[in-house]
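S.K.: this one's sequence-less:
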Ligand SMILES: C[S@@+](CC[C@H](N)C(=O)[O-])C[C@H]1O[C@@H](n2cnc3c(N)ncnc32)[C@H](O)[C@@H]1O
């Protein structure tokens, strides 16, 4: 019933006037200020939510990234450096980094919607270019956009699953040379698909990259991946940009033999489906990103690529195995059976960050740098 589902009512109302591009449908479903998936006050992400991300799966992720923060702060020079989590969600990662990280750094969580960060943390929002809020117990300051982070000092800009949460378009090749864009329409009272000739910008996207889709092949792309990453890279005068995300290099992302149906997926209650039009505003919509777009955009901004590879390798090189949860089980001494079981769960969750059949393999990490010197970083060394 659309009546008790305000997002559906809103969509049906809009669709009376004209169809919506699927890209605009995703924008509304995820980010409508009142009814969007990511604008609810309670985060849909987490172990009990619709899907889980690395920082919410295990605190061991923050432990490993914290080691990178310390290495960065040691190499940052005289001015106080900033550590930024861009697309910080409920702020879990930046709070952990601020708690355990170096004292002589400032910590910022940035998200386009801060309603999921707890109210104590929000008291540290500032309306002028930011200063760290010393009164905040965990020293993290939360802001709505990157340009409010101070630009003095070196900057470590981290994001986790930011780009795969950007609105994306769905394209399909029909016949020899027709590129169609998928639109959303209302048909007999339900949301359904329509196809229109794609906007020139999408045809240009494929032509400029020399990508040829096969007849009937779908592709999910966002023109914002490269544009937004380029803006991020333009920001630090000195620093590292570290991106964790689901995605592939272009050749793999658009390979017709393995990605004939694109990568778009919906997540709800820890289950993945391809029913992208179901439950708008109540399920996550995501697509794997083209990492070549990011690499090129960063290099256009003069950044040097230091690392591109799997999350498992990156975290292992940072020394994740030194966390106590990876110690042999014989060395762990739970005080009760209950504590022992909880410990086993926490060890499994920590392992999932680096195991080859999930997040550890599927998430890739890109690190690009400007002006941080030629010395090798720990993540550039082999893990063992
Ligand atoms: C998939 S969630 C990831 C949250 C968190 N990084 C994590 O790993 O749990 C993506 C987040 O990016 C935020 N986001 C999307 N577009 C953004 C933008 N242009 N600027 C800042 N944050 C954005 C969303 O509001 C959401 O909190």
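M.R.: Arrived safely, thanks for sending. Bear in mind that the values here come from a model prediction, so they are computed numbers and not experimental data.

S.K.: CA only for contacts and neighbour counts going forward, please
M.R.: Will do.

S.K.: Spell out the residue ranges of the strands in the stretch 151-300 of the chain.
M.R.: Assigned by DSSP state E, counting those that start in this stretch, the stretch 151-300 of the chain shows strands spanning 155-160, 169-174, 178-187, 190-197, 218-221, 239-248, 265-268, 271-273, 284-286, 289-290.

S.K.: contacts for the first one?
M.R.: The list of residues contacting strand 155-160 from outside it, by C-alpha atoms under 8 Å, 6 or more residues apart in numbering, reads 53, 69, 72, 81-88, 236-245.

S.K.: Next one: the residue in the stretch 201-350 of the chain that the ligand sits nearest to relative to residue 166, how far apart?
M.R.: Per C-alpha to the nearest ligand atom, residue 228 is where the stretch 201-350 of the chain lies closest to the ligand, at 7.6 Å. Using C-alpha to C-alpha, to the nearest Å, residue 228 is found at 10 Å from residue 166.

S.K.: number of nearby residues for the residue of the stretch 201-350 of the chain closest to the ligand?
M.R.: The number of residues packed near residue 228 is 15, by other C-alpha atoms under 10 Å.

S.K.: Do you know the pLDDT at it?
M.R.: You'll see residue 228 listed with a pLDDT of 98.

S.K.: what's the answer for residue 330, then?
M.R.: Reported pLDDT for residue 330: 78.

S.K.: Check the gap between it and residue 90 for me.
M.R.: 35 Å.

S.K.: Who has more neighbours out of those two?
M.R.: For residue 330 and residue 90, the more surrounded residue by other C-alpha under 10 Å is residue 90, and the numbers stand at 24 against 6.

S.K.: out of everything not next to it in sequence, what's closest to residue 203?
M.R.: Distances taken as C-alpha to C-alpha, 6 or more residues apart in numbering put residue 179 closest to residue 203, at 6.9 Å, once the chain neighbours are dropped.

S.K.: Distance check, the one you found against residue 190.
M.R.: Using C-alpha to C-alpha, we find residue 179 at a distance of 25 Å from residue 190.

S.K.: more neighbours, the two?
M.R.: residue 179 (24 against 12).

S.K.: need the contact list for the more buried one.
M.R.: Counted by C-alpha under 8 Å, 6+ apart, residue 179 has contacts 171, 172, 173, 197, 198, 203.

S.K.: re the thing from before, show me what the residue nearest to residue 203 is bridged to.
M.R.: residue 173 (DSSP bridges).

S.K.: about what we covered before: redo the strands of the stretch 151-300 of the chain as a markdown table? Include distance to the ligand.
M.R.: Formatted as a markdown table, those follow (distance: least, C-alpha to the nearest ligand atom, whole Å):
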| stretch | distance to the ligand |
| --- | --- |
| strand 155-160 | 4 |
| strand 169-174 | 15 |
| strand 178-187 | 22 |
| strand 190-197 | 24 |
| strand 218-221 | 15 |
| strand 239-248 | 9 |
| strand 265-268 | 11 |
| strand 271-273 | 14 |
| strand 284-286 | 8 |
| strand 289-290 | 13 |
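
S.K.: Make CSV out of those strands and add mean pLDDT.
M.R.: Shown next, in CSV, are the strands of the stretch 151-300 of the chain (pLDDT from 0 to 100):
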stretch, mean pLDDT
strand 155-160, 98
strand 169-174, 98
strand 178-187, 97
strand 190-197, 96
strand 218-221, 98
strand 239-248, 98
strand 265-268, 97
strand 271-273, 94
strand 284-286, 98
strand 289-290, 98
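
S.K.: Of those strands, which is nearest residue 310?
M.R.: Set against residue 310 and scored by C-alpha to C-alpha, the strands of the stretch 151-300 of the chain come closest in strand 239-248, at 9.1 Å.

S.K.: angle of that closest one against strand 155-160?
M.R.: Relative orientation of strand 239-248 versus strand 155-160 (axes from the mean of the first three to the mean of the last three C-alpha atoms, to 10 degrees): 20 degrees.

S.K.: Show me what counts as buried in strand 239-248.
M.R.: Across strand 239-248, burial judged by 16 or more other C-alpha atoms under 10 Å covers 239, 240, 241, 242, 243, 244, 245, 246, 247, 248.

S.K.: Using JSON lines, lay out the strands of the stretch 151-300 of the chain together with distance to residue 257.
M.R.: Compiled in JSON lines, the strands of the stretch 151-300 of the chain are given as follows (distance: least, C-alpha to C-alpha, whole Å):
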{"stretch": "strand 155-160", "distance to residue 257": "29"}
{"stretch": "strand 169-174", "distance to residue 257": "14"}
{"stretch": "strand 178-187", "distance to residue 257": "19"}
{"stretch": "strand 190-197", "distance to residue 257": "23"}
{"stretch": "strand 218-221", "distance to residue 257": "12"}
{"stretch": "strand 239-248", "distance to residue 257": "15"}
{"stretch": "strand 265-268", "distance to residue 257": "18"}
{"stretch": "strand 271-273", "distance to residue 257": "21"}
{"stretch": "strand 284-286", "distance to residue 257": "21"}
{"stretch": "strand 289-290", "distance to residue 257": "17"}
